[in-house]
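1. Pasting a predicted model and its sequence here:
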Amino acid sequence: MRHNKKFNHLGRKAAHRSAMLSNMACSLIMHKRISTTLAKAKALRIYVEPLLTKAKEDTMANRRLVFSQLKQKEVVTELFQNVSEKIANRPGGYTRILRTGFRLGDAAEMCIIELVDYNENMLKETKKAAKKSTRRAGKKAAPKAEEAAVEEAPKAE
């Protein structure tokens, strides 16, 4: 029986799948954005987000756990030094998947998976949206001017 075995096998044996996900996670950490198929991106998100959570606390045990998954010293150093600083106060959801259409050869659905805190364009849009949310009080200014004129009239008498 295969109860509670929900991960996508991606049409590969276990060793091939783990090597592929490890290499994709290393590429994502080094380049901050990679292009792949939607199925691989969803599998990669499940694989890499626990590693990013471990990287938030820089201990020797966490470094060894992450290195046992990624197998590349430079990537682990990049993760614990640079990436962990950016994601330090984020409670989860470190990656974003953006669908880009279908591949020409086999019509596989393609996407871009990226680290959320490294997309400068999206960060600028959220800052602009915060500025737009403030309301202008143009209608309130007119009654105050009338009240001021009414108050000045009795003083003139």
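-> Looks like it arrived, so ask away.

2. Low-confidence regions, the protein specifically.
-> 126-127, 129-135, 138-157 (pLDDT under 70).

3. Alpha carbons only: can I get the helix or strand that contains residue 66 in PDB?
-> Assigned by DSSP states H and E, residue 66 belongs to helix 60-70. Extracted C-alpha coordinates of helix 60-70, given in PDB (Å, rounded to 0.1, in the frame of the first residue of the first chain):
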ATOM      1  CA  MET A  60      27.100  23.600  13.000                       C
ATOM      2  CA  ALA A  61      24.300  21.000  13.100                       C
ATOM      3  CA  ASN A  62      22.200  22.900  10.600                       C
ATOM      4  CA  ARG A  63      25.200  23.400   8.300                       C
ATOM      5  CA  ARG A  64      25.900  19.700   8.400                       C
ATOM      6  CA  LEU A  65      22.200  18.800   7.700                       C
ATOM      7  CA  VAL A  66      22.000  21.200   4.800                       C
ATOM      8  CA  PHE A  67      25.400  20.100   3.400                       C
ATOM      9  CA  SER A  68      24.200  16.400   3.500                       C
ATOM     10  CA  GLN A  69      21.400  17.500   1.200                       C
ATOM     11  CA  LEU A  70      23.200  19.900  -1.200                       C
END
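
4. Show me what secondary structure element comes after it.
-> helix 73-78.

5. Residues touching the helix or strand following that next one, excluding its own?
-> Sequence-wise, the next helix or strand downstream of helix 73-78 (DSSP H and E) is helix 84-86. Contact with helix 84-86 is made by 52, 55-56, 58, 115, 117-118, as judged by Cβ atoms under 8 Å, 6 or more residues apart in numbering. All C-beta spots, glycine's among them, are computed from the backbone N, C-alpha and C.

6. repeat for stretch 40-48
-> Stretch 40-48 has contacts (Cβ under 8 Å, 6+ apart) with 7-8, 10, 20-21, 24-25, 28-29, 36, 69, 94-95, 97, 111, 113.

7. Surely residue 8 is in a helix?
-> No: counting by DSSP: H, G, I helix; E, B strand; the rest coil, residue 8 is not part of a helix but coil.
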